[in-house]
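J.: build me a model from this:
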Amino acid sequence: MMAALATLAAAAVLALGPLPVVDAPLPDGSAPRTPAAGLRAPERCEDSGGGPVPRVPDPAVVTMGLDAAHRIATGRGVRIAVIDTGIAPHPRLSGRVTGVGDYVRGGSGLEDCDGHGTAVAGLLAATPDAGDAFRGVAPDSSLLSIRQSSQEFRVPAPGGGDRGVGNTGTLADALVLAVRAGADVVNVSEAACVTPTDAEAAAPPLRAALRFAAERDVVVVAAAGNVGNGGCAEGQVALPGWLGEDVLTVGALDERGGPAPFGVRGPWVDVAAPGAGLTSLGVPVGFSREPLRGTSFATPFVAGTVALLMQRRPTASAREIVGTVVATARPVATAPGDAVGRGVVDPVAALTRGDAPEPPADTGAANAPADVPAPPRTETGTPTSRPTALLPGAPDDAEAPLSTGTAVAIVVACAGALPLAIRMMRRPRP
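T.: Numbers count the residues shown, from 1 in each chain. Purely as a prediction, here's the structure:
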């Protein structure tokens, strides 16, 4: 069923052409000091830990060759911003997480009531331990936590009811905040699902923030997004991954190493990484109770590889780093390029390669058929942007086990704007 949905979504998008996006001023990017308006906090933060201790590495992770990669680089000295649901204190991240901001309730970003940001952080940077077989891709990197979204916290929804916190406006602010806080890499395991037509209004602040990062040699790595219940519907694309040239967009592989049926497909997908059957850190300690799946969890494998390469090649530009990651990706047999891009990211190949050619200026559109909507081009003019609700960072494949939760539809509307309906995942409470 998920494979069919992925095919339908891709087919629906084929009929739509690229749209111009009006340029926008740089988002403010200041650290929030107060809670979101009308915020209702959960009675308690969710405990997502208690899962089995991994005695052997996840099979998909074995293919990443982390043992060999870590003999070359471990991410030391590289700062990775995690824009997500926050990062909770965890022994495997101790001393390496700095809270930068919290767009949910104005705190430090060092709280995670959803469990998703902590799981992403674990895949990125968890230190190894003799008692188990789990480690992050860049275990000596440092993390900057920005809580930008949550489904456990709720705010009033237009027209009644409530919704989770987070939209493309606060994501754009968070990207600017991450760059100003000194991030070298930014991991965005979130997506906003919109039609290409609605992207014309929603994308400008994101485009401005991504350009701000690129001009300062910061690599932004973003999830391609998921389709089906809890993900993008037919004819929708996922922001910010769709925006192309200033973001490295990540698709997911399933447990067998093939393209995951739940991933959003399109010519803007650059590379892929394991995205199913994964273990990571739980809140407040231990490991996730259920296997994780979704493009959210493929993304930190790529962001972590970028961090390794930055340690290995400290004078390389962000463009050179991205070019190396893309050029050294391993092709996936029989997989369409719109699902996995150039292939599965290969940390060892990236670390042992010499200078790689730079990617084309517009990676998403380079080889796209004329009738596929390429990443939107920028035109100057009066900004007409409006915030769009994010698919927050809860584990996000509808056919995944308990950790993915139940999908609920929400609508975000700003004054003078048409409402944009998207799917959000809400994890069931234990």
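J.: how about Asp338: what's its closest non-neighbour residue?
T.: Of all residues beyond its chain neighbours, the one nearest Asp338 is Arg265 (4.3 Å), with distances taken as Cβ to Cβ, 6 or more residues apart in numbering. Every C-beta, even on glycine, is put in place using the N, C-alpha and C of the backbone.
J.: so the one you found touches Gly341, yeah?
T.: No. Arg265 is not in contact with Gly341 according to Cβ atoms under 8 Å; the separation is 10.0 Å.
J.: more neighbours: these two, which one.
T.: For Arg265 versus Gly341, neighbours defined as other Cβ atoms under 10 Å are more numerous around Gly341 (27 against 24).
J.: and the pLDDT for Pro357?
T.: Per-residue pLDDT puts Pro357 at 48.
J.: what's the spacing between the nearest residue to Ala350 once chain neighbours are set aside and Val250?
T.: Counting by Cβ to Cβ, 6+ apart, Ala350 lies nearest to Thr328, which is 4.6 Å off, once chain neighbours are set aside. Shown here: Thr328 relative to Val250, a distance of 15 Å by Cβ to Cβ, to the nearest Å.
J.: neighbour count: these two, which is higher?
T.: Taking neighbours as other Cβ under 10 Å, Thr328 and Val250 compare with Val250 leading, 33 against 22.
J.: centre of the chain to stretch 252-272, how far?
T.: Taking Cα atoms, centre = their mean, to the nearest Å, the mean C-alpha location of stretch 252-272 is offset from the chain mean by 14 Å.
J.: sorry, slip of the keys, the one I care about is stretch 220-239.
T.: From the chain centre to the centre of stretch 220-239 is a distance of 10 Å (Cα atoms, centre = their mean).
J.: cool, and stretch 112-119?
T.: Averaging C-alpha positions (Cα atoms, centre = their mean) puts stretch 112-119 13 Å from its chain's average.
J.: just to revisit the earlier point, overlap in contacts, Arg265 and Gly341.
T.: Common contacts of Arg265 and Gly341, defined by Cβ atoms under 8 Å, 6 or more residues apart in numbering, comprise Gly251.
J.: just the CA coordinates for the helix or strand hosting Leu177, please, in PDB.
T.: Using DSSP states H and E, Leu177 sits in helix 168-180. Taking Å, rounded to 0.1, in the frame of the first residue of the first chain, the C-alpha atoms of helix 168-180 are listed here in PDB:
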ATOM      1  CA  THR A 168       7.800  26.900   8.100                       C
ATOM      2  CA  GLY A 169       8.100  30.400   9.600                       C
ATOM      3  CA  THR A 170       9.600  29.200  12.800                       C
ATOM      4  CA  LEU A 171      11.800  26.700  10.900                       C
ATOM      5  CA  ALA A 172      13.200  29.600   8.800                       C
ATOM      6  CA  ASP A 173      13.900  31.500  12.000                       C
ATOM      7  CA  ALA A 174      15.500  28.400  13.500                       C
ATOM      8  CA  LEU A 175      17.800  27.900  10.500                       C
ATOM      9  CA  VAL A 176      19.100  31.500  10.900                       C
ATOM     10  CA  LEU A 177      19.500  31.000  14.600                       C
ATOM     11  CA  ALA A 178      21.500  27.800  14.100                       C
ATOM     12  CA  VAL A 179      23.900  29.600  11.700                       C
ATOM     13  CA  ARG A 180      24.400  32.500  14.100                       C
END
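J.: what sits up against it?
T.: Outside helix 168-180, the residues that reach it (Cβ under 8 Å, 6+ apart) are 26-31, 81, 83, 100-101, 103, 144, 146, 148-149, 186, 188, 190, 192, 202-203, 205-206, 208-210, 212-213, 216, 218, 220, 239-240, 385-388, 390.
J.: let me see the ranges of the strands in the stretch 201-350 of the chain.
T.: Secondary structure of the stretch 201-350 of the chain (DSSP state E, counting those that start in this stretch): strands at 219-223, 237-239, 248-253, 271-274.
J.: residues in contact with the nearest residue to Pro291 once chain neighbours are set aside?
T.: Closest residue in space to Pro291, ignoring its immediate chain neighbours: Gly277 at 4.9 Å, by Cβ to Cβ, 6+ apart. The contact partners of Gly277, taken as Cβ under 8 Å, 6+ apart, are Asp58, Pro59, Ala60, Asp254, Glu255, Pro291, Arg293.
J.: looking at the strands of the stretch 201-350 of the chain, which one has the lowest mean pLDDT?
T.: strand 237-239 (a mean of 88).
J.: flag the shaky bits of the stretch 301-430 of the chain, pLDDT-wise.
T.: Residue ranges of the stretch 301-430 of the chain with pLDDT under 70: 354-430.
J.: looking at this structure, which helix is longest?
T.: Counting residues, the longest helix found in the chain (DSSP state H) is helix 295-312.
J.: who's in contact with Phe153?
T.: Here Phe153 is in contact with Ala36, Leu39, Arg40, Ala41, Pro42, Val104, Arg105, Cys113, Gly164, Val165 (Cβ under 8 Å, 6+ apart).
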